[in-house]
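Chemist: Kindly return the folded structure for what I paste below:
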Amino acid sequence: MSLVLIDKPRPHVSVVTLNRPERLNAMSIELVIELDDALREVANDNDTYVVVLTGAGGAFCSGLDLKDYGVIPNIDGLTVGRIAQRSMRFYSRLVLSMRRMPQPVICAVNGPAYGGGMCLSLGAEMRIAAESATFNATGIVNGLTSTELAASWLLPRLIGAAHSNDMLLTGRKIDAAEALRMGLVSRVIPDADLMSEVLDLATRMCAFSPYGLQMTKDILWVNLENSSLEAAIEIEDRNQLMLGFTENLPEAIRAFDQKRDPVYTDEPRRDLFGPPT
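Modeler: Residues are numbered from 1 along each chain as shown. Here you go, the predicted model:
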């Protein structure tokens, strides 16, 4: 049985599901490798505009499987230190794979998101939580560090240093209501309605320009690392101009005048490239 499932329940929406429910979708090396492959596969699907990441059963992901974490491939001839270093890269590259996907990712947190599972959710552009969702930085509890899979970079940017330090240094569990108050998630939804509401949200996003979604994601991430206001505005301006050279804005105006929904094609703007007079 595949440890990661890919489904397309709505047009232009791909759902990636961690599929080890009997282990609360804990991260074995086999699951991590399959997940990275799945993210790359979906990223290359030109018909996918929005991605939903979730877990099977009653959990999102309980973090590293401490009892059955497996062994990475191709370790012959490596020392223990080199094996450990390479193993870490299999986990930490997941966040980079999510960042590099052209599509925005919505994380539907359907239960516990602990350790690496919480970190995985941080790599998404949006986190929507079920009422049963809980978050926990388990590394510190297990005698390690809670700074893993980019948590020390992402979490303070999402919820601020005070809340981030509280979570990463104490290892305490955060329920969905507190996660919403902190800004860790943007919405909390009853468990039974989580996936239907997330899919409805993804479907509404798919009515936008896929080019616009992709470029918005890119600039949101770029400007997280940008320390200059002027540079941030300059790159936003160029981003907006690139979309302005498409037929999308004229189509939005036509649709508004005709009282219908716009249909965005991302094709070049015709009125700017007519024959010379």
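
Chemist: Of all the residues in the worst-scoring helix or strand of the chain on mean pLDDT, which ones are buried?
Modeler: One helix or strand of the chain scores below all others by mean pLDDT, DSSP states H and E: helix 80-100, with a mean of 85. For helix 80-100, burial by neighbour count (16 or more other C-beta atoms under 10 Å) applies to 87, 90-91, 94-95, 97-99. For every residue, glycine as well, the C-beta is placed using N, CA and C.

Chemist: pLDDT below threshold where in the stretch 151-277 of the chain?
Modeler: 273-277 (pLDDT under 70).

Chemist: And the strands in it?
Modeler: 174-175, 187-189 (DSSP state E, counting those that start in this stretch).

Chemist: tell me the secondary structure for T17?
Modeler: Classification of T17 by DSSP: H, G, I helix; E, B strand; the rest coil places it in strand.

Chemist: Once you drop chain neighbours, what's closest to it?
Modeler: L5 (4.4 Å; C-beta to C-beta, 6 or more residues apart in numbering).

Chemist: Each with direction, which strands does whatever helix or strand the one you found lives in pair with?
Modeler: Here L5, judged by DSSP states H and E, is contained in strand 4-10. Note on strand 4-10: by DSSP bridges, its sheet partners are strand 13-18 (antiparallel).

Chemist: All the helices of the stretch 151-277 of the chain, residue numbers only.
Modeler: Applying DSSP state H, counting those that start in this stretch to the stretch 151-277 of the chain gives helices spanning 151-170, 176-182, 194-206, 210-224, 229-244, 248-257.

Chemist: Quick one: closest of the ones you listed to A56.
Modeler: helix 194-206 (11.2 Å; C-beta to C-beta).

Chemist: got the contact list for that closest one?
Modeler: 9-13, 15, 49-50, 52, 54, 104, 106, 108, 110, 128, 130, 189, 213 (C-beta atoms under 8 Å, 6 or more residues apart in numbering).

Chemist: Can I get the buried part of those as one ChimeraX selection?
Modeler: A single ChimeraX command selects the buried members of those (16+ other C-beta under 10 Å):
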select :12,13,15,49,50,52,54,104,106,108,110,128,130,189,213
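
Chemist: Just give the nearest non-adjacent residue to V222, would you?
Modeler: I235 (6.3 Å).

Chemist: list the contacts for that neighbour?
Modeler: So I235 contacts 219, 222-223, 226 (C-beta under 8 Å, 6+ apart).

Chemist: want to throw those into TSV with neighbour count and distance to L154?
Modeler: What follows is the contacts of I235, written out as TSV (neighbours: other C-beta atoms under 10 Å; distance: C-beta to C-beta, whole Å):
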residue	neighbour count	distance to L154
I219	17	17
V222	14	15
N223	16	14
N226	15	16
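
Chemist: Of the residues you listed, which is the nearest to G77?
Modeler: V222 (39.5 Å).

Chemist: Now the residue nearest the centre of the chain: closest residue in space, sequence neighbours ignored.
Modeler: Ranked by distance to the mean C-alpha position of the chain (C-alpha atoms, centre = their mean), the top residue is A124 at 1.9 Å. Spatial nearest neighbour of A124, excluding adjacent residues (C-beta to C-beta, 6+ apart): C107 at 3.8 Å.

Chemist: host element of that neighbour?
Modeler: strand 105-109.

Chemist: would you put the C-alpha positions of that strand in CSV?
Modeler: Output of strand 105-109 as CSV, limited to C-alpha atoms (Å, rounded to 0.1, in the frame of the first residue of the first chain):
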residue,chain,number,x,y,z
VAL,A,105,-0.4,24.6,-0.6
ILE,A,106,-3.3,24.4,1.9
CYS,A,107,-2.5,22.2,4.9
ALA,A,108,-5.7,20.6,6.3
VAL,A,109,-4.6,19.8,9.8
